[in-house]
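Q: following is a predicted model, sequence given first.
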Amino acid sequence: MAIVWPCPLPVDAYVAAGRKVEVPRPVCPLCGEPLVFWSGYWRHVRAGGLAGGRCPKIFVPRVRCGPCRVSHALLPAFVLAWRLDTAETIGAVITEVAGGGCGVRPAAARAGVPHTTARDWVRRFCGRASELGIAFAALAVELGGEAIRPAAGAGRFALAAIGAAFGAAAGLPGWLAMGRWRFASSVSGGKLIAANKSSPFLVVGRRRFIPPVPP
Ligand SMILES: [Zn+2]
């Protein structure tokens, strides 16, 4: 399992910190007990303009809950689970293509990623866009933001709902500087474009939101 924490650090600062990266200690999502740091692992991240190459390694701490006997990886919000590229890169491509601004090829070229990779992101996002739209629209309302009506296309609806939820969250401490795609990664547990069909489990601060199941 993975917990995404709302990391405000620039990617290069996180990379430079190595194993010494400071991560807040969360509580167990199952029982609420404080988690204990328990080793960790290295993974690559791809982002433009980074020192040490375009795919440096980052340290991902693990935490463990004794009573529940489970461990969780603590992913920084600038990544999505099982994706090499940053949430910002993936979000930029999705915004351009699912928003109807351009096709996959020019968006992939601008982001500096393979065309097939970008196509996969957009496919997955569009495949669960109705579900994401409903979940983020509900979150926007929970946070006191504006109500979003389903737009002409599911992709546009999801993008508008993510924007509305982020707009509402930006009024809470710490979220504005994070940007909408780190926000979206944080509240979906990194599973914004994950293959599994479960609804994203939305968490903001200590509040948890379980979005309604789409019709
Ligand atoms: Zn526990």
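A: Done, it's in.
Q: going by C-alpha atoms from here, please, whenever you check contacts or count neighbours.
A: Fine.
Q: if I look at residue 122, how far off is residue 107?
A: Distance from residue 122 to residue 107, counting by CA to CA, to the nearest Å: 11 Å.
Q: okay, and the common contacts of these two?
A: Shared contacts of residue 122 and residue 107 (CA atoms under 8 Å, 6 or more residues apart in numbering): 93, 97.
Q: and residue 83, which of the three is it?
A: Put simply, residue 83 is coil when judged by DSSP: H, G, I helix; E, B strand; the rest coil.
Q: check residue 38 too.
A: strand.
Q: wait, what's in contact with the residue sitting furthest away from the middle of the chain?
A: Of all residues in the chain, residue 67 has its C-alpha farthest from the mean position, at 27.9 Å, by CA atoms, centre = their mean. Residue 67 is in contact with no residue at all, counting by CA under 8 Å, 6+ apart.
Q: contacting residues for residue 19?
A: By CA under 8 Å, 6+ apart, the residues touching residue 19 are residue 59.
Q: could I get the phi/psi values of it?
A: Phi and psi for residue 19, reported as degrees, to the nearest 10, are phi -70, psi -20.
Q: also residue 6?
A: phi -70, psi 80.
Q: how about it, nearest residue that isn't a chain neighbour?
A: For residue 6, ignoring the flanking residues on the chain, the nearest one in space by CA to CA, 6 or more residues apart in numbering is residue 77 at 5.2 Å.
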